[in-house]
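Q: Sequence plus the predicted model coming up.
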Amino acid sequence: MENQEKIKSLVQQMTLAEKASLCSGKDFWHLKGIERLGIPSIMVTDGPHGLRKQAGQADHVGLHESVPATCFPTASALAATWNRDLVYQVGQALGEECRQEKVGVILGPGANIKRSPLCGRNFEYFSEDPYLTGEIAKSHIDGVQSQGVGTSMKHYAVNNQEYRRMTIDAVVDERALREIYLPGYEIAVKGAQPWTVMCAYNKINGVYACENGTLMTDILKDEWGHEGLVVTDWGAMNERVAALQAGVELEMPGTKNGNDAKIVAAVEAGKLDEAVLDRAVERILTLIFKADATLSQDFVCDMEAHHALARRVAAEGAVLLKNDGDILPLQKTTRCALIGRFAKVPRYQGAGSSLMNPTRLDNLHDEMLKLLGMDSLPYAPGYTEKGDQADDTLIQEALAVAQQAEVVIICAGLTDLYETEGVDRMHMKLPPGHDALIRRIAAAHPNVVVVLSNGSPVEMPWAGDVPCILEGYLGGQAGAGGIADILFGEINPSGKLAETFPLKLEDTPAYRTFSGGPATVEYRESLYVGYRYYDTVGQPVLFPFGHGLSYTRFAYRDLALSQPKGEALTVTFTVKNVGKVTGQEVVQLYMRDVASTAFRPAKELKAFAKVDLQPGEETEVTLDLDRRAFAWYDPQFKEWRVEAGTFEILVGASSQDIRLSAAIEMPGAQPVAERVEPDVYYAFPKGAAVSQKDFEALLGRAVPPNQEARKGQYTFNTPIGDMRESFIGRQFAGMIKKQLHKMIEGKEDTPMALLMEATSREMPLRGMLMGDTPLNREMLEALLLMMNGRFFKGLFAVVHAILKK
Ligand code: BGC
């Protein structure tokens with residue numbers, strides 16, 4: 001209260017220009033302060049799985065160095081732990097490192113839904129399921145913020161691909177928005193109040209996220225009660241005044257684009273109510289003072305403890321996908337061979353803005369030596385660094401090494417070039433060199449354990465030929481130790497997939513429409529994302545959502561449902577460890593609405609818990625279901641509805657391993673009414689073919705045209721690479737490309753090069769005003785005139801802009 005008064009009084013003392021100035025950053029990573037009023041400048045930095053604090057040159061794509069920090073497993077692995085407490089501890093550790101480095105906000109977690117396995121940033125996201133996403137995000141945020149530093153839950157919203165991420169228009173129906181793409185944010189906002197939410201680059205149903213008042217104000221602030229502020233993704237600002245009105249308080253990074261002045265001008269011209277600006281400044285000051293209160297005290301964290309935590313989390317986020325013949329765990333005396341370059345040069349994080357500099361980096365080879373107390377291990381690299389083709393010499397060498405062993409551990413996965421921000425994957429396959437190695441070794445040896453390092457699902461055409469597969473995800477700096485712990489039974493695996501592993505890309509629900517472009521991407525599959533699709537249409541998968549094996553077994557019994565209280569319910573059941581070792585089980589509760597006016601997927605995750613049991617021990621699990629667990633979103637009445645009738649409660653060890661079920665009649669709720677949605681969604685087709693007409697009927701409007709802008713129509717939002725019809729546009733695009741190439745000299749064959757390449761094609765013209773640039777808006781406007789064929793007018797304007805400068 002006292003603080004709020006102080007903040008209000010500060011706002012009163014500020015000039016209009018000072019207020020506007022606070023609405024954008026000072027530079028890449030700092031907010032502005034105002035010395036005369038004692039307002040400090042605080043630092044924010046990436047995120048999400050470790051701190052990327054740049055002490056020198058700044059960038060938002062992972063180009064320049066950052067100070068060493070603990071690299072935790074990335075989001076895919078965190079979600080696969082299904083362990084709220086453990087994720088909280090990771091958050092806490094991240095928060096401590098922020099305090100040590102004097103960082104006020106860490107930019108994460110990412111809560112976008114994995115619509116397709118191909119999204120280049122899936123490694124940074126949690127799940128294909130909104131409930132799991134929300135629960136894990138909430139724990140992450142709570143953990144960080146317990147340290148008095150903030151988070152930035154991103155990228156709000158419907159940013160499910162990298163292709164044309166800065167301009168693409170995600171065309172999505174309201175139910176999918178409310179039931180799939182928003183609940184992750186909703187759960188975390190209501191449950192953990194992230195100090196900031198980061199608005200995405202893309203458009204949602206025709207409106208840029210940054211100008212989307214429905215999302216930023218009506219839903220986030222008014223409906224969910226978000227108390228923090230909204231910050232743009234770096235360079236996501238379109239029209240500053242519109243964005244402020246829509247509820248976006250802070251623009252990052254700092255720019256020379258004249259946006260602060262636009263705010264001043266809009267207030268002066270009576271086009272922007274100064275009260276809107278005042279409220280934005282109040283939120284910004286609240287953030288600054290909260291962070292400053294923490295950062296004004298020095299803090300030193302225990303980096304050894306963080307490394308140990310990172311190892312524990314990596315082990316718990318690893319998912320044992322297959323273990324035929326119980327080959328795992330291995331005995332310490334088992335004669336092992338270690339094959340695959342990743343065993344010595346681990347793949348442990350993804351590329352782009354989350355790329356950070358670990359304090360140290362373990363590898364499986366050395367971790368196994370330590371664990372086994374040995375001096376050497378039979379090892380062969382098996383594939384080249386790029387792995388882009390089978391290398392016969394390396395495979396022959398690997399075969400020779402494998403032949404002397406009882407068990408062969410093959411480390412394979414995706415190389416850096418496959419997973420990076422800014423670029424979606426083209427396919428779901430492993431590098432050919434990795435596939436070939438696995439096939440050849442599997443043909444020659446019966447006891448193969450494949451350990452995978454990748455941030456998102458891959459096809460495994462050899463899955464039937466090997467007895468064991470351990471998905472290690474991107475395990476962070478201590479990931480290798482965590483894998484060693486699992487392989488040798490120091491830790492009993494308890495990770496479960498937070499996403500489906502399809503058999504092949506063609507089986508995925510968004511296959512026909514991902515990633516759209518040039519202008520729009522249509523979410524025709526609506527609610528049928530991930531297991532909601534596979535289970536509804538009966539599409540076989542490689543490994544289902546929620547799947548993961550243990551070295552022990554669990555038995556489920558005695559499912560009981562309480563009498564519904566209103567439209568809420570308590571579910572209890574007993575789980576017993578019936579195996580020989582201690583283990584943790586993730587128990588999952590799915591719901592099926594048996595008869596409904598609205599179309600609904602075959603099952604939806606509504607609750608889960610992780611229990612830890614000694615051999616022979618049992619426990620009663622209690623899971624609460626609130627009204628929302630039964631509800632669907634009715635776009636017509638703009639409300640969550642629960643209809644009278646039967647609901648099935650399905651309890652199990654995965655989405656396809658349901659052990660207990662019971663039906664419940666929900667009384668007193670709304671009666672089932674008439675179906676109004678297009679038929680195709682009630683009996684959703686295998687193959688997910690939905691016609692434009694049906695999709696339009698679901699949307700309630702025509703889909704927007706999906707075309708590139710033509711010369712004469714180019715705007716600040718036209719991607720630079722699309723201005724091909726203009727000679728000047730082509731020259732300009734060429735120039736940008738050259739400049740970006742200069743930045744990546746010596747890094748040609750790296751993810752960074754791919755990212756830069758994509759950026760040079762896809763960045764809209766307005767992106768040129770981001771950060772430290774010699775250009776200004778007037779110059780770009782002049783250039784735009786020329787690109788649109790108004791050469792002389794443009795030329796005149798360019799000269800004018802240069803002279804003015
Ligand atoms: C990414 C964000 C990141 C920001 C700052 C953007 O390009 O999309 O996730 O936090 O840069 O580096």
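A: Here it is on my side, so go on.
Q: What score does the most centrally placed residue in the chain have for pLDDT?
A: Centroid check for the chain by Cα atoms, centre = their mean gives residue 125 as the closest residue, at 2.1 Å. Listed pLDDT for residue 125 reads 98.
Q: Give me the buried positions along stretch 726-743.
A: 726, 728, 729, 732, 733, 736, 737, 740 (16 or more other Cβ atoms under 10 Å). (C-beta placed from N, C-alpha, C; glycine too.)
Q: Quick check: the gap between the fourth one and residue 774.
A: Taking Cβ to Cβ, to the nearest Å as the measure, residue 732 falls 14 Å from residue 774.
Q: ok so, going back, list just the nearest of the buried residues of stretch 726-743 to the ligand.
A: Within those, the smallest distance to the ligand is 14.4 Å, found for residue 740 (Cβ to the nearest ligand atom).
Q: Who are the contact partners of the closest one?
A: Counting by Cβ atoms under 8 Å, 6 or more residues apart in numbering, residue 740 makes contact with 756, 757, 759, 760.
Q: switch the cut-off to 10 Å
A: Shown in contact with residue 740 (Cβ atoms under 10 Å, 6 or more residues apart in numbering): 752, 753, 755, 756, 757, 759, 760, 763.
Q: Please apply the same query to residue 348.
A: So residue 348 contacts 49, 71, 73-74, 77, 310, 314, 342, 358, 361-363, 453, 472-480 (Cβ under 10 Å, 6+ apart).
Q: I'd like the distance between it and residue 360.
A: Taking Cβ to Cβ, one finds residue 348 at 11 Å from residue 360.
Q: now residue 228
A: With Cβ to Cβ as the criterion, residue 228 and residue 360 are 34 Å apart.
Q: Same drill for these two, tell me which one is more crowded.
A: Shown here are residue 228 and residue 360; by other Cβ atoms under 10 Å, residue 228 has more neighbours (24 against 11).
Q: SS state for the residue of the stretch 351-500 of the chain found nearest the ligand?
A: Relative to the ligand, the nearest point of the stretch 351-500 of the chain is residue 353 (3.5 Å; Cβ to the nearest ligand atom). Recorded secondary structure, residue 353: coil (DSSP: H, G, I helix; E, B strand; the rest coil).
Q: What values do phi and psi take at it?
A: Backbone geometry at residue 353, expressed as degrees, to the nearest 10, gives phi -70, psi -20.
Q: Give the full set of residues in contact with residue 804.
A: Here residue 804 is in contact with 776, 778, 779 (Cβ under 10 Å, 6+ apart).
Q: Of the residues you listed, which is the nearest to the ligand?
A: Looking across these and measuring by Cβ to the nearest ligand atom, the closest to the ligand is residue 776, at 22.3 Å.
Q: what mean pLDDT does the lengthiest helix in the chain have?
A: Counting residues, the longest helix found in the chain (DSSP state H) is helix 274-295. Predicted confidence along helix 274-295 averages 98 (mean pLDDT).
Q: helix or strand right after that helix?
A: helix 303-317 (DSSP states H and E).
Q: what helices or strands is that following helix leaning on?
A: With contacts taken as 3 or more Cβ pairs under 10 Å, 6 or more residues apart in numbering; DSSP states H and E, helix 303-317 sits against helix 75-80, helix 84-101, helix 479-487.
Q: Which among those helices is found nearest to the ligand?
A: helix 75-80 (11.7 Å).
Q: For that closest one, which helices and strands make contact with it?
A: Applying 3+ Cβ pairs under 10 Å, 6+ apart, we find helix 75-80 packed against helix 84-101, helix 130-145, helix 303-317, strand 319-323, strand 468-471.
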